[in-house]
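Colleague: Any chance you could fold what I've pasted below:
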Amino acid sequence: MNSEVSEASNKVVLQELQDTRSNLTRLTTQHTKCVGLESRLARVTMEKEDLQQERDSADQRARVAEARAVTLRGRISRLQEQVATLQRVSDQHRNHRLELSEEISQGARSQLEAWLQSNVSFACFVDHRQCQCTESYQLHYLGRARHPHYPPRRSHQDAGNACDR
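Modeller: Next up, the predicted model:
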């Protein structure tokens with residue numbers, strides 16, 4: 001009986017040993033799978049962190065670009081306002097110059113007509129070309145003294161020189 005008990009006990013121990021080996025093989029396989037999964041999880045986690053950093057960098061660049069765009073839009077608006085103002089000022093200056101030129105021309109014509117009326121004997125010698133020359137002289141030399149950007153008036157002796165040109 002002892003030997004039967006011993007044999008039965010031996011079979012139970014062998015069965016447990018077989019079960020333990022089987023469990024050990026299964027656990028080894030699972031451990032290997034777990035190590036592979038942990039490695040894969042670490043790679044995926046690193047990739048996720050890299051993507052988050054890239055996203056954060058892209059967000060930061062987008063915020064900087066948007067801020068710069070807002071600044072540039074403001075600058076463009078200011079420059080457009082300045083251009084419009086300068087165009088208005090330029091138009092005003094041009095209109096003022098045209099008005100001055102017209103006034104000077106009218107004044108020169110009036111003075112020439114008055115002078116011609118007072119000097120009727122001399123008027124017969126003055127032709128159209130001389131009138132234009134005198135008008136040009138009046139415009140370019142006498143009229144400039146009225147405007148701050150032009151040189152002062154020249155003497156009447158230069159009037160003859162202006163017609164010779």
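Colleague: secondary structure element for residue 59?
Modeller: helix 2-118 (DSSP states H and E).
Colleague: so how far is that helix from its chain's centroid?
Modeller: Relative to its chain's centre, helix 2-118 lies at 19 Å (CA atoms, centre = their mean, to the nearest Å).
Colleague: quick one: contacts for the residue positioned nearest the centre of the chain?
Modeller: By CA atoms, centre = their mean, the chain has its centre lying nearest to residue 72, at 5.5 Å. Residues counted as contacts of residue 72 (CB atoms under 8 Å, 6 or more residues apart in numbering): none. Any C-beta I mention is one placed from the backbone N, CA and C, and that applies to glycine too.
Colleague: Then residue 85?
Modeller: Per CB under 8 Å, 6+ apart, neighbours of residue 85: none.
Colleague: And it, how far from residue 92?
Modeller: The gap separating residue 85 from residue 92 is 11 Å, by CB to CB, to the nearest Å.
Colleague: likewise residue 29?
Modeller: Residue 29 is 93 Å from residue 92, by CB to CB.
Colleague: if we can go back for a sec, residues that sit against both of residue 85 and residue 92, list them.
Modeller: By CB under 8 Å, 6+ apart, no residue touches both residue 85 and residue 92.
Colleague: so how far is residue 101 from residue 89?
Modeller: If you go by CB to CB, the gap between residue 89 and residue 101 works out to 18 Å.
Colleague: Please disregard the earlier target; I meant residue 81.
Modeller: Relative to residue 101, and taking CB to CB, residue 81 is found at 30 Å.
Colleague: Repeat that for residue 57.
Modeller: On the measure of CB to CB, residue 57 and residue 101 end up 64 Å apart.
Colleague: Who has more neighbours out of these two?
Modeller: Comparing residue 57 with residue 101 by neighbour count (other CB atoms under 10 Å), the higher total belongs to residue 101, at 13 against 10.
Colleague: Per-residue pLDDT of that one, please?
Modeller: Per-residue confidence (pLDDT) for residue 101: 92.
Colleague: got it, and residue 34?
Modeller: So, for residue 34, pLDDT stands at 92.
Colleague: Equivalent analysis for the one 4 residues further on, please.
Modeller: pLDDT, residue 38: 94.
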